[in-house]
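> This is a predicted model, with the sequence first.
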Amino acid sequence: MSRNSISSPDGVGDKSADVELRRHRTVQELAEEGGGEVPEGYICRKGDRAASAVPLVDVPVIDLKLSASPDSVSDGELQKLQSALSSWGFFQVINHGIDCNLLDKLRENTRQFFRLPAEEKHIYARGPNEIEGYGNDMVLYENQTLDWTDRLYLLVHPEDSRKLHYWPQNPKSFRIVLEEYTTRLRVIVEILFKSMAKSLGLAEDCFLNKYGDTPMMHTRFNFYPLCPKPDVVQGVKPHADGTAITILLPDEKVEGLQFLKDDQWIRTQINPHALLVNVGDQMEMMSNGIFKSPVHRVITNSYKERISVATFCSPGSGEEVGPVEELINDTRPRLYKTVKDYYSIYFKYYQLGKRPIEAVRL
Ligand SMILES: O=C(O)CCC(=O)C(=O)O
Ligand SMILES: [Fe+2]
(Lines give C-alpha, C1' and ligand atoms only; values in the text may rest on other atoms or scores of the structure.)
(Ligands and ions follow the chains in the order given, each with its own letter.)
Protein backbone atom coordinates (compact mmCIF):
# COMPACT_ATOMS: atom_id res chain seq x y z
CA MET A 1 0.00 0.00 0.00
CA SER A 2 1.10 3.49 -0.24
CA ARG A 3 -0.80 6.16 1.51
CA ASN A 4 0.03 8.09 -1.56
CA SER A 5 -3.24 9.57 -2.66
CA ILE A 6 -5.98 9.80 -0.14
CA SER A 7 -8.76 11.37 -2.10
CA SER A 8 -11.20 10.95 0.78
CA PRO A 9 -9.16 10.60 3.93
CA ASP A 10 -11.96 9.24 6.12
CA GLY A 11 -10.89 8.66 9.62
CA VAL A 12 -8.17 11.30 9.67
CA GLY A 13 -8.68 14.29 11.88
CA ASP A 14 -11.01 13.04 14.58
CA LYS A 15 -8.57 11.35 16.86
CA SER A 16 -7.67 11.73 20.51
CA ALA A 17 -4.96 14.07 21.77
CA ASP A 18 -2.68 11.09 22.21
CA VAL A 19 -2.98 10.19 18.57
CA GLU A 20 -2.46 13.86 17.62
CA LEU A 21 0.73 13.89 19.63
CA ARG A 22 2.01 10.69 18.14
CA ARG A 23 1.28 12.00 14.71
CA HIS A 24 3.37 15.06 15.32
CA ARG A 25 6.33 13.44 17.01
CA THR A 26 8.46 12.04 14.29
CA VAL A 27 10.17 8.67 14.50
CA GLN A 28 13.49 10.46 14.23
CA GLU A 29 12.64 12.40 17.40
CA LEU A 30 11.51 9.20 19.13
CA ALA A 31 14.72 7.44 18.10
CA GLU A 32 16.84 10.28 19.41
CA GLU A 33 15.01 10.56 22.75
CA GLY A 34 14.04 6.95 23.16
CA GLY A 35 16.72 5.49 25.41
CA GLY A 36 16.15 2.07 23.90
CA GLU A 37 12.37 2.20 24.28
CA VAL A 38 9.74 2.16 21.56
CA PRO A 39 6.17 3.44 22.10
CA GLU A 40 3.59 0.65 22.18
CA GLY A 41 1.93 1.83 18.95
CA TYR A 42 4.96 0.75 16.92
CA ILE A 43 5.16 -2.80 18.25
CA CYS A 44 3.70 -5.13 15.66
CA ARG A 45 1.35 -8.01 16.31
CA LYS A 46 2.83 -11.46 16.82
CA GLY A 47 2.04 -12.88 13.37
CA ASP A 48 3.52 -9.84 11.60
CA ARG A 49 6.97 -10.05 13.15
CA ALA A 50 9.96 -10.31 10.87
CA ALA A 51 11.52 -13.75 10.58
CA SER A 52 15.24 -13.69 11.25
CA ALA A 53 16.43 -15.74 8.27
CA VAL A 54 15.04 -14.33 5.05
CA PRO A 55 16.82 -15.57 1.90
CA LEU A 56 18.51 -13.19 -0.51
CA VAL A 57 17.24 -13.81 -4.02
CA ASP A 58 18.36 -12.63 -7.46
CA VAL A 59 15.61 -10.31 -8.65
CA PRO A 60 14.89 -10.24 -12.42
CA VAL A 61 16.89 -7.52 -14.19
CA ILE A 62 15.49 -5.73 -17.22
CA ASP A 63 17.89 -3.86 -19.48
CA LEU A 64 16.14 -0.86 -21.05
CA LYS A 65 19.30 -0.05 -23.06
CA LEU A 66 18.34 3.61 -22.95
CA SER A 67 21.92 4.63 -22.38
CA ALA A 68 22.81 3.22 -25.81
CA SER A 69 19.87 3.61 -28.16
CA PRO A 70 16.51 4.95 -27.07
CA ASP A 71 13.28 3.17 -27.83
CA SER A 72 14.62 -0.34 -28.29
CA VAL A 73 13.41 -2.82 -25.75
CA SER A 74 14.35 -6.09 -27.44
CA ASP A 75 12.00 -9.06 -27.82
CA GLY A 76 14.17 -11.00 -25.39
CA GLU A 77 13.77 -8.28 -22.74
CA LEU A 78 10.02 -8.15 -23.36
CA GLN A 79 9.78 -11.84 -22.66
CA LYS A 80 11.81 -11.44 -19.47
CA LEU A 81 9.59 -8.51 -18.49
CA GLN A 82 6.41 -10.52 -18.99
CA SER A 83 7.73 -13.34 -16.88
CA ALA A 84 9.03 -10.97 -14.16
CA LEU A 85 5.69 -9.21 -13.94
CA SER A 86 3.57 -12.31 -13.85
CA SER A 87 5.61 -14.42 -11.47
CA TRP A 88 7.35 -11.79 -9.31
CA GLY A 89 5.54 -8.48 -9.77
CA PHE A 90 8.82 -6.59 -9.48
CA PHE A 91 12.16 -6.24 -11.22
CA GLN A 92 15.27 -4.10 -11.37
CA VAL A 93 15.80 -1.78 -14.32
CA ILE A 94 19.29 -1.08 -15.61
CA ASN A 95 20.42 1.23 -18.41
CA HIS A 96 17.39 3.38 -17.65
CA GLY A 97 19.08 6.50 -18.98
CA ILE A 98 19.27 8.37 -15.66
CA ASP A 99 22.75 9.53 -14.85
CA CYS A 100 24.29 7.92 -11.75
CA ASN A 101 25.25 11.35 -10.48
CA LEU A 102 21.62 12.44 -10.45
CA LEU A 103 20.62 9.35 -8.44
CA ASP A 104 23.48 9.92 -5.99
CA LYS A 105 22.46 13.56 -5.63
CA LEU A 106 18.85 12.59 -5.00
CA ARG A 107 19.95 10.28 -2.20
CA GLU A 108 22.34 12.84 -0.79
CA ASN A 109 19.60 15.51 -0.76
CA THR A 110 17.26 13.09 0.99
CA ARG A 111 19.81 12.49 3.73
CA GLN A 112 20.57 16.19 4.04
CA PHE A 113 16.89 17.06 4.36
CA PHE A 114 16.34 14.59 7.20
CA ARG A 115 19.52 15.85 8.89
CA LEU A 116 18.16 19.41 9.09
CA PRO A 117 17.21 20.65 12.56
CA ALA A 118 13.67 19.67 13.59
CA GLU A 119 12.42 23.31 13.41
CA GLU A 120 13.52 23.59 9.81
CA LYS A 121 11.94 20.31 8.75
CA HIS A 122 8.72 21.29 10.47
CA ILE A 123 8.34 24.19 8.03
CA TYR A 124 7.26 21.48 5.61
CA ALA A 125 5.08 19.58 8.11
CA ARG A 126 1.98 17.86 6.79
CA GLY A 127 -1.10 19.76 7.91
CA PRO A 128 -4.15 18.10 9.51
CA ASN A 129 -6.11 16.18 6.87
CA GLU A 130 -3.31 16.66 4.36
CA ILE A 131 -1.31 13.89 2.79
CA GLU A 132 1.54 15.94 1.37
CA GLY A 133 4.41 17.26 3.44
CA TYR A 134 6.79 16.04 6.11
CA GLY A 135 5.73 13.76 8.95
CA ASN A 136 5.52 10.25 10.30
CA ASP A 137 3.04 7.46 9.56
CA MET A 138 -0.53 8.70 9.19
CA VAL A 139 -2.95 7.33 11.72
CA LEU A 140 -5.78 6.01 9.60
CA TYR A 141 -7.54 3.69 12.02
CA GLU A 142 -7.66 2.75 15.68
CA ASN A 143 -5.10 0.16 16.78
CA GLN A 144 -3.05 0.65 13.64
CA THR A 145 0.52 -0.53 14.11
CA LEU A 146 2.68 2.44 13.19
CA ASP A 147 5.56 2.33 10.73
CA TRP A 148 9.04 3.17 12.01
CA THR A 149 9.69 5.78 9.35
CA ASP A 150 9.46 9.49 8.61
CA ARG A 151 8.51 10.79 5.21
CA LEU A 152 8.42 13.75 2.97
CA TYR A 153 5.62 13.22 0.52
CA LEU A 154 5.20 15.37 -2.59
CA LEU A 155 2.99 15.37 -5.64
CA VAL A 156 5.34 15.81 -8.59
CA HIS A 157 2.94 15.44 -11.52
CA PRO A 158 0.79 17.09 -12.91
CA GLU A 159 3.18 20.01 -12.59
CA ASP A 160 0.45 22.60 -12.12
CA SER A 161 -0.84 20.73 -9.05
CA ARG A 162 2.49 20.80 -7.22
CA LYS A 163 2.34 22.37 -3.78
CA LEU A 164 5.70 24.03 -3.81
CA HIS A 165 5.48 25.25 -0.22
CA TYR A 166 6.15 21.63 0.76
CA TRP A 167 9.25 21.39 -1.45
CA PRO A 168 12.34 22.00 0.70
CA GLN A 169 14.51 25.00 -0.13
CA ASN A 170 17.35 23.40 1.77
CA PRO A 171 19.40 21.56 0.54
CA LYS A 172 19.66 24.13 -2.23
CA SER A 173 19.51 21.69 -5.13
CA PHE A 174 16.56 19.72 -3.74
CA ARG A 175 13.93 21.18 -6.08
CA ILE A 176 15.99 21.16 -9.24
CA VAL A 177 17.16 17.58 -8.68
CA LEU A 178 13.62 16.40 -8.00
CA GLU A 179 12.34 18.17 -11.11
CA GLU A 180 15.05 16.60 -13.23
CA TYR A 181 14.44 13.15 -11.73
CA THR A 182 10.69 13.45 -12.36
CA THR A 183 11.24 14.44 -15.99
CA ARG A 184 13.51 11.43 -16.48
CA LEU A 185 11.11 9.08 -14.75
CA ARG A 186 8.26 10.16 -17.01
CA VAL A 187 10.23 8.89 -20.01
CA ILE A 188 10.92 5.58 -18.27
CA VAL A 189 7.31 5.15 -17.16
CA GLU A 190 6.10 5.63 -20.72
CA ILE A 191 8.58 3.07 -22.07
CA LEU A 192 7.66 0.62 -19.32
CA PHE A 193 3.94 0.96 -19.94
CA LYS A 194 4.44 0.42 -23.67
CA SER A 195 6.75 -2.55 -23.06
CA MET A 196 4.31 -4.10 -20.60
CA ALA A 197 1.53 -3.89 -23.18
CA LYS A 198 3.73 -5.26 -25.97
CA SER A 199 4.89 -8.11 -23.74
CA LEU A 200 1.26 -9.30 -23.63
CA GLY A 201 0.81 -8.89 -27.40
CA LEU A 202 -1.33 -5.76 -26.92
CA ALA A 203 -1.21 -2.43 -28.77
CA GLU A 204 1.56 -0.43 -27.12
CA ASP A 205 -0.69 2.42 -25.97
CA CYS A 206 -3.19 0.15 -24.33
CA PHE A 207 -2.07 0.72 -20.72
CA LEU A 208 -0.90 4.25 -21.40
CA ASN A 209 -4.40 5.21 -22.53
CA LYS A 210 -5.79 4.01 -19.24
CA TYR A 211 -3.04 5.81 -17.39
CA GLY A 212 -4.62 8.91 -18.91
CA ASP A 213 -3.42 12.31 -20.07
CA THR A 214 -2.83 13.63 -16.58
CA PRO A 215 -1.46 10.74 -14.57
CA MET A 216 -0.57 11.32 -10.96
CA MET A 217 2.93 10.88 -9.67
CA HIS A 218 3.81 11.25 -6.00
CA THR A 219 7.34 10.96 -4.68
CA ARG A 220 7.93 9.87 -1.12
CA PHE A 221 11.28 10.38 0.55
CA ASN A 222 11.54 7.75 3.27
CA PHE A 223 13.84 7.88 6.25
CA TYR A 224 14.21 4.89 8.58
CA PRO A 225 16.00 5.85 11.82
CA LEU A 226 17.87 3.30 13.91
CA CYS A 227 15.41 1.14 15.76
CA PRO A 228 16.22 -0.31 19.19
CA LYS A 229 13.75 -3.19 18.70
CA PRO A 230 14.03 -4.38 15.10
CA ASP A 231 12.60 -7.82 15.86
CA VAL A 232 9.18 -6.36 16.81
CA VAL A 233 9.05 -3.06 14.87
CA GLN A 234 8.68 -2.70 11.09
CA GLY A 235 9.80 0.16 8.86
CA VAL A 236 6.73 -0.32 6.68
CA LYS A 237 4.21 -3.01 7.46
CA PRO A 238 3.23 -5.53 4.77
CA HIS A 239 1.20 -3.93 1.99
CA ALA A 240 0.79 -3.88 -1.77
CA ASP A 241 0.89 -0.50 -3.51
CA GLY A 242 -2.32 1.01 -4.87
CA THR A 243 -0.49 2.41 -7.89
CA ALA A 244 -0.24 1.32 -11.47
CA ILE A 245 3.51 1.02 -10.95
CA THR A 246 5.96 2.19 -8.29
CA ILE A 247 9.55 3.12 -9.02
CA LEU A 248 11.94 2.90 -6.11
CA LEU A 249 15.42 4.23 -5.63
CA PRO A 250 16.56 2.19 -2.64
CA ASP A 251 19.38 2.97 -0.25
CA GLU A 252 22.65 2.06 -1.99
CA LYS A 253 24.05 0.26 1.05
CA VAL A 254 21.42 -0.61 3.61
CA GLU A 255 18.99 -3.42 2.93
CA GLY A 256 15.49 -3.50 4.33
CA LEU A 257 12.94 -4.09 1.58
CA GLN A 258 11.42 -7.58 1.43
CA PHE A 259 8.83 -9.06 -0.91
CA LEU A 260 6.45 -11.91 -0.43
CA LYS A 261 6.98 -14.42 -3.23
CA ASP A 262 5.18 -17.76 -3.30
CA ASP A 263 4.19 -17.17 0.34
CA GLN A 264 7.79 -16.70 1.43
CA TRP A 265 9.54 -13.44 2.35
CA ILE A 266 12.63 -12.73 0.29
CA ARG A 267 15.31 -10.06 0.42
CA THR A 268 16.32 -8.18 -2.69
CA GLN A 269 19.95 -7.59 -3.58
CA ILE A 270 21.10 -3.99 -3.90
CA ASN A 271 22.32 -2.63 -7.19
CA PRO A 272 23.19 1.01 -6.42
CA HIS A 273 22.26 2.49 -9.78
CA ALA A 274 19.38 0.27 -10.77
CA LEU A 275 15.78 1.31 -10.15
CA LEU A 276 13.40 -1.17 -8.60
CA VAL A 277 9.97 -1.29 -10.21
CA ASN A 278 6.95 -3.02 -8.75
CA VAL A 279 3.46 -3.56 -10.06
CA GLY A 280 0.67 -1.89 -8.08
CA ASP A 281 -2.96 -2.97 -7.69
CA GLN A 282 -4.21 -0.82 -10.58
CA MET A 283 -1.83 -2.51 -13.04
CA GLU A 284 -2.86 -5.92 -11.72
CA MET A 285 -6.46 -4.90 -12.44
CA MET A 286 -5.70 -3.53 -15.92
CA SER A 287 -3.83 -6.71 -16.84
CA ASN A 288 -6.80 -8.77 -15.61
CA GLY A 289 -4.59 -10.43 -13.01
CA ILE A 290 -1.72 -11.44 -15.29
CA PHE A 291 0.69 -9.00 -13.67
CA LYS A 292 0.93 -9.35 -9.89
CA SER A 293 0.93 -6.53 -7.35
CA PRO A 294 3.31 -7.96 -4.75
CA VAL A 295 3.01 -7.64 -0.98
CA HIS A 296 6.15 -6.10 0.47
CA ARG A 297 7.47 -4.62 3.71
CA VAL A 298 10.49 -2.83 5.10
CA ILE A 299 12.29 -4.17 8.14
CA THR A 300 14.24 -2.02 10.61
CA ASN A 301 17.71 -2.42 12.08
CA SER A 302 19.59 -1.03 15.05
CA TYR A 303 22.92 -0.19 13.41
CA LYS A 304 22.40 1.79 10.18
CA GLU A 305 19.87 4.42 9.10
CA ARG A 306 18.21 3.79 5.76
CA ILE A 307 16.65 6.04 3.14
CA SER A 308 14.68 5.37 -0.04
CA VAL A 309 12.84 7.41 -2.64
CA ALA A 310 9.60 5.90 -3.95
CA THR A 311 7.63 7.36 -6.85
CA PHE A 312 4.02 6.21 -7.07
CA CYS A 313 2.60 6.35 -10.60
CA SER A 314 -1.18 6.20 -10.79
CA PRO A 315 -3.86 7.00 -13.36
CA GLY A 316 -5.46 10.44 -13.00
CA SER A 317 -8.28 10.40 -10.43
CA GLY A 318 -11.03 10.73 -13.05
CA GLU A 319 -9.93 7.63 -15.01
CA GLU A 320 -11.92 4.43 -14.99
CA VAL A 321 -9.56 1.56 -14.26
CA GLY A 322 -10.28 -2.10 -14.93
CA PRO A 323 -9.16 -5.00 -17.11
CA VAL A 324 -8.43 -4.12 -20.75
CA GLU A 325 -10.99 -5.81 -23.02
CA GLU A 326 -8.37 -7.75 -25.00
CA LEU A 327 -7.35 -9.64 -21.86
CA ILE A 328 -10.86 -10.86 -21.09
CA ASN A 329 -11.91 -14.06 -22.82
CA ASP A 330 -13.52 -17.46 -22.21
CA THR A 331 -10.41 -18.97 -20.72
CA ARG A 332 -9.61 -15.85 -18.71
CA PRO A 333 -12.86 -14.26 -17.57
CA ARG A 334 -12.91 -10.76 -16.13
CA LEU A 335 -11.40 -10.90 -12.64
CA TYR A 336 -11.88 -7.29 -11.49
CA LYS A 337 -14.51 -4.58 -11.60
CA THR A 338 -13.84 -1.35 -13.42
CA VAL A 339 -13.72 1.51 -10.92
CA LYS A 340 -13.05 5.22 -10.68
CA ASP A 341 -10.88 6.56 -7.87
CA TYR A 342 -9.43 3.28 -6.63
CA TYR A 343 -7.71 5.08 -3.76
CA SER A 344 -10.92 5.81 -1.90
CA ILE A 345 -11.66 2.05 -1.96
CA TYR A 346 -8.06 1.33 -1.11
CA PHE A 347 -8.10 3.32 2.11
CA LYS A 348 -11.45 2.03 3.25
CA TYR A 349 -10.18 -1.53 2.95
CA TYR A 350 -6.81 -0.66 4.39
CA GLN A 351 -8.57 0.70 7.47
CA LEU A 352 -10.40 -2.59 7.83
CA GLY A 353 -7.10 -4.44 7.69
CA LYS A 354 -8.00 -6.15 4.41
CA ARG A 355 -6.11 -6.30 1.14
CA PRO A 356 -7.69 -3.51 -0.90
CA ILE A 357 -7.65 -5.34 -4.22
CA GLU A 358 -10.12 -7.84 -2.73
CA ALA A 359 -12.70 -5.03 -2.82
CA VAL A 360 -12.67 -4.98 -6.62
CA ARG A 361 -12.21 -8.69 -7.29
CA LEU A 362 -15.23 -10.35 -8.90
O1 LIG B 1 11.54 1.99 1.50
C2 LIG B 1 11.30 1.08 0.71
O3 LIG B 1 12.22 0.37 0.28
C4 LIG B 1 9.90 0.78 0.21
C5 LIG B 1 8.82 1.65 0.77
C6 LIG B 1 7.45 1.24 0.34
O7 LIG B 1 7.15 0.11 0.09
C8 LIG B 1 6.40 2.27 0.17
O9 LIG B 1 6.67 3.43 0.54
O10 LIG B 1 5.29 1.94 -0.32
FE1 LIG C 1 5.21 0.01 -1.06
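Yes, it's here. Numbering: from 1, shown residues only. Ligands and ions are numbered 1, 2, ... in the order given.
> do you know how far residue 197 is from ligand 1?
24 Å (Cβ to the nearest ligand atom, to the nearest Å). (Glycine included, C-beta is placed from N, CA and C.)
> would you say that residue is within a helix?
Yes - under DSSP: H, G, I helix; E, B strand; the rest coil, residue 197 falls within a helix.
> Residue 210 is in contact with that one, correct?
No - Residue 197 is beyond contact range of residue 210, at 9.9 Å (criterion: Cβ atoms under 8 Å).
> And the next helix or strand past the lowest-mean-pLDDT helix or strand in the chain?
Every helix and strand in the chain was compared by mean pLDDT, DSSP states H and E; the lowest is helix 17-24, with a mean of 46. Sequence-wise, the next helix or strand downstream of helix 17-24 (DSSP states H and E) is helix 27-33.
> Identify each buried residue in that next one, please.
27, 28, 30, 31 (16 or more other Cβ atoms under 10 Å).
> so the second one touches residue 115, yeah?
In this case it means residue 28. No - assessed by Cβ under 8 Å, residue 28 is found out of contact with residue 115, at 9.5 Å.
> Around ligand 1, pick out the residues from this structure.
2, 220, 222, 236, 241, 248, 250, 256-257, 296, 298, 308, 310 (Cβ under 6 Å from any ligand atom).
> same thing but 8 Å
Within the chain, the positions near ligand 1 by Cβ under 8 Å from any ligand atom are 1-2, 4, 149, 151, 220, 222, 224, 235-236, 239, 241, 246, 248, 250-251, 256-257, 276, 296-298, 306, 308, 310, 312.
> Looking at the residues you listed, which are in strands?
151, 220, 222, 224, 235-236, 239, 246, 248, 250, 257, 276, 296-298, 306, 308, 310, 312 (DSSP state E).
> Buried members of those into PyMOL, please.
With 16+ other Cβ under 10 Å as the burial test, the buried ones among these are selected in PyMOL as follows:
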select buried, resi 151+220+222+224+235+236+239+246+248+250+257+276+296+297+298+306+308+310+312
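> which among the buried residues of helix 27-33 gets closest to residue 60?
residue 27 (32.3 Å; Cβ to Cβ).
> is it true that the closest one touches residue 222?
No - using Cβ under 8 Å, residue 27 makes no contact with residue 222, being 10.6 Å away.
> Need the residues touching each of these two.
Shared contacts of residue 27 and residue 222, defined by Cβ atoms under 8 Å, 6 or more residues apart in numbering, are found at 149, 150.
> and of the buried residues of helix 27-33, the nearest to ligand 1?
residue 27 (13.2 Å; Cβ to the nearest ligand atom).
> Per-residue pLDDT of that closest one, please?
At residue 27, the predicted lDDT confidence score is 94.
> okay, now residue 41: neighbour count?
Each residue near residue 41 was counted by other Cβ atoms under 10 Å, and the total is 14.
> Next: residue 90.
23.
> ok, now how distant is it from ligand 1?
11 Å.
> okay, the nearest residue to that residue once chain neighbours are set aside: pLDDT?
The shortest distance from residue 90 to any non-neighbouring residue, by Cβ to Cβ, 6 or more residues apart in numbering, is to residue 278 (3.9 Å). pLDDT for residue 278: 98.
> Name the helix or strand for residue 278, please.
Short version, using DSSP H and E: residue 278 is in strand 275-279.
> likewise residue 104?
helix 100-115.
> where does whatever helix or strand comes next after that helix sit relative to the chain's centre, distance-wise?
Later in the chain than helix 100-115, the nearest helix or strand by DSSP H and E is helix 118-122. Its chain's C-alpha centre and that of helix 118-122 lie 24 Å apart, by Cα atoms, centre = their mean, to the nearest Å.
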